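Engineer: What follows is a predicted protein model with its sequence.
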Amino acid sequence: MLRFGSGSSEGVDTRTAVEGAVAAAAAQAGLDSAAARLVTLHVTVGHDEGAILEAVRRLCPDARIAGCSVAGVVSRDGADEGMYAVALMLVWGSPGEVGMAVTRHLDGANSTSEGAGLARRLVDEHGQPRFLMFIGSGIDIDVRGCIDGIESVVGTDVV
């Protein structure tokens with residue numbers, strides 16, 4: 001069964017901010033961060049990307065990492081549009097319960113086909129999902145097309 005925990009930080013020092021957010025997520029779930037299978041990150045532009053990845057890899061060595069740089073984060077503590085904000089979620093579960101698919105090029109012209117391709121790879125590797133999280137640029141893609149492509153493979157009942 002999947003378990004989730006979330007954490008956030010406003011710290012200016014990147015390593016300290018990530019460590020605090022990871023610790024908060026692990027404490028919320030009552031689980032060890034080292035056993036997490038997935039880390040999703042939303043980080044504002046003031047943080048050092050290399051330091052973020054180093055800290056996450058050290059604290060969650062078996063986790064896949066997905067995320068993006070954003071103009072602001074929203075966490076259980078509220079919205080933060082400061083230069084140094086981190087919001088993350090840790091996911092625990094068996095290896096077969098957590099999967100990830102990535103595409104190298106997604107834009108408005110190929111959103112539906114790439115969305116379907118992402119979903120097909122997940123289904124082929126892990127079977128029919130019950131929950132999907134899609135992280136993509138909202139600026140240069142056709143979001144409805146991505147959703148249509150994903151739903152063409154997994155159906156419309158998947159959360």
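Structural biologist: Happy to help now that I have it. Residues are numbered from 1 along each chain as shown.
Engineer: State the phi and psi torsions of the residue lying farthest from the centre of the chain.
Structural biologist: Relative to the mean C-alpha coordinate of the chain, counting by Cα atoms, centre = their mean, the farthest residue is residue 109 (24.1 Å). Main-chain torsions, residue 109, degrees, to the nearest 10: phi -80, psi -30.
Engineer: and it, how far is that from residue 145?
Structural biologist: 9 Å (Cβ to Cβ, to the nearest Å). The way it works is simple: take the backbone N, C-alpha and C, and place the C-beta from them, glycine included.
Engineer: Let me know the secondary structure of the residue sitting nearest the centre point of the chain.
Structural biologist: Nearest to the mean C-alpha position of the chain, counting by Cα atoms, centre = their mean, stands residue 40 at 2.7 Å. At residue 40 the chain is in strand, as set by DSSP: H, G, I helix; E, B strand; the rest coil.
Engineer: again, but for the one 10 residues further on
Structural biologist: In terms of secondary structure, residue 50 is helix; the call rests on three-state DSSP.
Engineer: Quick check: phi and psi at residue 3.
Structural biologist: According to degrees, to the nearest 10, residue 3 has phi -130, psi 150.
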